[in-house]
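1. this one's sequence-less:
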């Protein structure tokens, strides 16, 4: 009888051990794969391989991973999209982009980048190199940028390069790119150019808010697109505005959600 009880107990222990190691069983201790550390990093795009063709990226093409988003430049247009990392998988949602007309060869690269940098991507990170690969085998290869000092709001010359509205982003009116600039001074003033007329006034910085006082402008008569840009900028540069700086990009967002994107 004693021998029979011992055998039954041994069989029970074997059964319990088997249950504990069964895939998906209760009490499974299989550790989750750690997320690849991309948030807060910036990358230079080396090339895009799509449809068996390798397209080399222009020198100023790059992307940065921020909390919940990927932002960057194709070398012509700026793009932004929601992005999440789970283990070694990056999921990129629908992107918004400026709509600057690009040279034909650059447009081909940009189209390939946008099509490849979307959906679920397998992430391979090795040292300073990053590869993002689609299920079809297309890929984006990138090189880690050296850590950059985030430029301060005050004392930096900011060039306006896009208009924003919530999560969407649009290009500046035709012929106005590179003309609108803002510089915030230590004495609480701001001055710059709205794309045609010069602007100056007060801008008090408190935490993550800039409160613009009355702004004065010169009275030059400008062509249609320049005046359109000026009116759009003045709508944002009024009263309290939320600001944020990621890497070398400044965003100013008014209460209604409209805003400005500028680069240092």
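-> That came in fine, so what should we check first? Computed from a predicted structure; not experimentally measured.
2. can you give me the helices in the protein?
-> Along the chain, counting by DSSP state H, helices occupy 2-21, 104-116, 224-236.
3. so where's this structure uncertain?
-> Applying pLDDT under 70 to the chain flags the ranges 1-32, 99-101, 147-148.
4. Domain parsing of it, as residue ranges.
-> 41-144, 157-263 (automatic domain parsing).
5. Let me have these in TSV, adding mean neighbour count and distance to residue 33 as columns.
-> Yep, even glycine has a C-beta here, placed from its N, CA and C like the rest. Output for those, formatted as TSV (neighbours: other CB atoms under 10 Å; distance: least, CB to CB, whole Å):
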stretch	mean neighbour count	distance to residue 33
domain 41-144	17	4
domain 157-263	16	27
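6. got those domains as TSV, with distance to residue 151 columns?
-> Compiled in TSV, the domains of the chain are given as follows (distance: least, CB to CB, whole Å):
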stretch	distance to residue 151
domain 41-144	13
domain 157-263	6
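7. looking at these, which is closest to residue 35?
-> Comparison of the domains of the chain against residue 35 by CB to CB identifies domain 41-144 as nearest, at 4.8 Å.
8. How about the residue nearest the centre of the chain: which residues does it bridge to?
-> The structure's the chain has its C-alpha centroid closest to residue 71; by CA atoms, centre = their mean the separation is 2.0 Å. Using DSSP bridges, the beta-bridge partners of residue 71 come out as residue 64, residue 80.
9. Next, the contact list for residue 135, please.
-> 119-120, 122 (CB atoms under 8 Å, 6 or more residues apart in numbering).
10. I misspoke; the intended subject was residue 182.
-> Residues near residue 182 by CB under 8 Å, 6+ apart: 157-158, 160, 190-192, 199, 262.
11. Next one: it from residue 85, what distance?
-> 34 Å (CB to CB, to the nearest Å).
12. And residue 135, by the same measure?
-> According to CB to CB, residue 135 stands 17 Å off from residue 85.
13. Where do the strands of the stretch 1-150 of the chain begin and end?
-> Taking DSSP state E, counting those that start in this stretch, the strands of the stretch 1-150 of the chain run over residues 41-50, 53-56, 62-66, 69-73, 78-86, 89-92, 96-97, 119-126, 129-133, 139-144.
14. and those strands as CSV, adding distance to residue 173?
-> Supplementary listing: the strands of the stretch 1-150 of the chain in CSV, determined by distance: least, CB to CB, whole Å:
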stretch, distance to residue 173
strand 41-50, 28
strand 53-56, 30
strand 62-66, 26
strand 69-73, 20
strand 78-86, 16
strand 89-92, 29
strand 96-97, 17
strand 119-126, 33
strand 129-133, 34
strand 139-144, 31
